[in-house]
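Engineer: Any chance you can model this:
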Amino acid sequence: MSNGNRALNSSKVVNIEDLRRIAQRRLPRSVFDYLDGGAEGELTLAEIVGLFRDVTFRPRGAVAAGDCDLKTRVLGHELSFPAMLAPVGYSRLMNPGGEVVAARAAGEAGTGYILSTISGHKLEDVKAGTRGPAWYQLYLLGGREAAEGSLDRARRAGFSALVITVDTPVAGIRERDSRNGMKELLGPSLLAKIPFVPNILAHPRWLLSFLADGGMPKLENIVVPGQGPMPLLDVGSALAKATVTWEDLRWIRELWPGPIVVKGLLIGDDARRAVDEGAAAVVVSNHGGRQLDSVSPTLRALPEVVAAVNGQAEVLMDGGVRRGSDIVKAICLGARAVLVGRAYAYGLAAAGHAGVARAIEILRSDVERTVRLLGCPSLAALDRSYVEVPQTWPVH
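Structural biologist: Residues are numbered from 1 along each chain as shown. As a prediction, this is how the structure comes out:
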């Protein structure tokens with residue numbers, strides 16, 4: 001199917017792992033492992049998922065489960081449940097609809113979408129495709145002049161917040177990408193691609209939809225003056241020249257009139273610094289275990305950041321969310337909402353718009369069921385008393 005969208009049997013897709021398995025079958029190894037993999041030995045990647053098992057619930061018994069209000073407000077936007085779609089680079093390689101169909105599914109579900117700078121679709125098209133809130137995530141690719149153009153376009157298109165990712169001074173070493181030739185496949189040399197072609201040919205449906213979409217897309221939101229849109233390049237090359245510092249944040253704040261979200265924090269001191277620099281929200285994030293390996297899982301880092309911010313900014317969290325119960329645990333430990341990345345990207349790769357919609361539906365249904373089984377009347381009533389954390393965790 002040239003548009004990359006496929007029918008999805010909801011009775012056979014009951015959790016996010018089901019979508020992951022479909023995505024793994026459909027995608028070439030290089031593309032799937034880019035989505036699925038992590039840095040170095042993938043220790044943090046394993047722990048961000050596994051750590052949710054270490055936090056257990058303390059439900060209230062003999063409580064009637066009536067209507068359950070899952071709504072929350074994030075930077076002034078009402079969300080239908082406490083999760084937004086995180087920025088996922090190269091989404092158009094996973095499905096031709098990419099960022100446009102993901103944003104549309106988010107809006108239809110009553111939640112928000114965050115667009116990555118490393119996007120194959122124009123930011124104007126992504127914003128026009130969703131009825132929900134949309135934020136723009138900025139990397140300083142192409143230099144300050146290119147970033148200024150992107151910020152101006154995002155403001156005029158109606159993106160309501162700017163997300164600054166600060167954990168990418170260089171790209172983490174993602175060993176799966178090195179083995180699978182991700183750099184070679186995204187590069188200009190045809191000769192370098194030859195060893196990796198057989199695996200791509202083994203996935204003809206993906207290849208046909210990729211070719212029908214025009215092949216390798218350009219980065220439409222990074223327009224270098226005098227050169228046009230930046231060609232698609234591997235993530236290592238992309239991030240090597242895109243470091244964001246606190247000084248850059250001050251410059252960006254002068255250009256961007258709306259709220260700024262600082263993403264990629266794991267310690268309280270950095271969270272306080274972000275608030276001092278004018279951040280309206282912070283995201284406790286380790287880049288999904290894709291940057292520095294052996295860092296703290298975000299769920300364990302969350303209470304320290306919440307305590308450090310002390311109500312002066314909203315606290316979000318990402319990393320390892322695969323079930324609605326994971327979302328509920330994050331809310332109990334102080335997050336306003338979570339960002340989900342791989343969970344919806346598996347759906348995008350599996351079935352385009354229908355896959356993203358199904359991923360959101362699974363997570364939202366999980367959240368509602370979990371809150372009701374906890375004997376909690378609403379999302380707003382959740383707090384630390386509903387969970388038990390390991391005694392080895394630091395107390396905040």
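Engineer: Tell me how many other residues crowd A380.
Structural biologist: Residues lying near A380 (other Cβ atoms under 10 Å) number 12. C-beta here means a position set from N, CA and C on the backbone, and glycine is covered the same way.
Engineer: Quick check: it touching D69?
Structural biologist: Yes - at 7.2 Å, A380 counts as touching D69 under the criterion of Cβ atoms under 8 Å.
Engineer: ok, and for stretch 65-75, which residues are buried?
Structural biologist: Residues of stretch 65-75 classed as buried by neighbour count (16 or more other Cβ atoms under 10 Å): 68, 70, 72, 74-75.
Engineer: again with stretch 101-117
Structural biologist: With burial defined by 16+ other Cβ under 10 Å, the residues of stretch 101-117 counted as buried are 101-107, 109-117.
Engineer: Enumerate every residue touching R155.
Structural biologist: The contact partners of R155, taken as Cβ atoms under 8 Å, 6 or more residues apart in numbering, are 256-258.
Engineer: which ones are touching G228?
Structural biologist: Contact partners of G228, counting by Cβ under 8 Å, 6+ apart, are K218.
Engineer: For it, grab phi and psi.
Structural biologist: With angles defined as degrees, to the nearest 10, G228 shows backbone torsions of phi 90, psi -170.
Engineer: rewinding a little: among the buried residues of stretch 101-117, which are in strands?
Structural biologist: Filtering the buried residues of stretch 101-117 for membership in strands, criterion DSSP state E, returns 113-115.
Engineer: which of these lies closest to G320?
Structural biologist: Using Cβ to Cβ, I114 comes nearest to G320 of these, at 17.4 Å.
Engineer: picking that back up, quick check: of the contacts of R155, which lies closest to Q291?
Structural biologist: Distance to Q291 across the contacts of R155 (Cβ to Cβ) is lowest for W256, with 24.1 Å.
Engineer: nearest residue to the closest one other than its sequence neighbours?
Structural biologist: Nearest non-adjacent residue to W256, counting by Cβ to Cβ, 6 or more residues apart in numbering: L162, 4.8 Å away.
Engineer: so the one you found touches L255, yeah?
Structural biologist: No - with contact defined as Cβ under 8 Å, L162 does not count as touching L255 (9.1 Å).
Engineer: Could I get the full set of helices for the stretch 151-300 of the chain?
Structural biologist: In chain order, the stretch 151-300 of the chain shows helices spanning 175-180, 182-186, 190-193, 197-201, 204-212, 235-240, 246-255, 268-276, 298-309, with DSSP state H, counting those that start in this stretch as the criterion.
Engineer: which stretches of the chain form strands?
Structural biologist: Read by DSSP E, the chain holds these strands, from start to end of the chain: 56-57, 72-74, 77-79, 83-85, 113-115, 134-138, 161-165, 219-224, 228-230, 260-265, 281-284, 314-318, 337-340, 387-388.
Engineer: can I get the contacts of R155 in a markdown table with neighbour count?
Structural biologist: Written out in a markdown table, the entries for these read as follows (neighbours: other Cβ atoms under 10 Å):
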| residue | neighbour count |
| --- | --- |
| W256 | 19 |
| P257 | 9 |
| G258 | 16 |
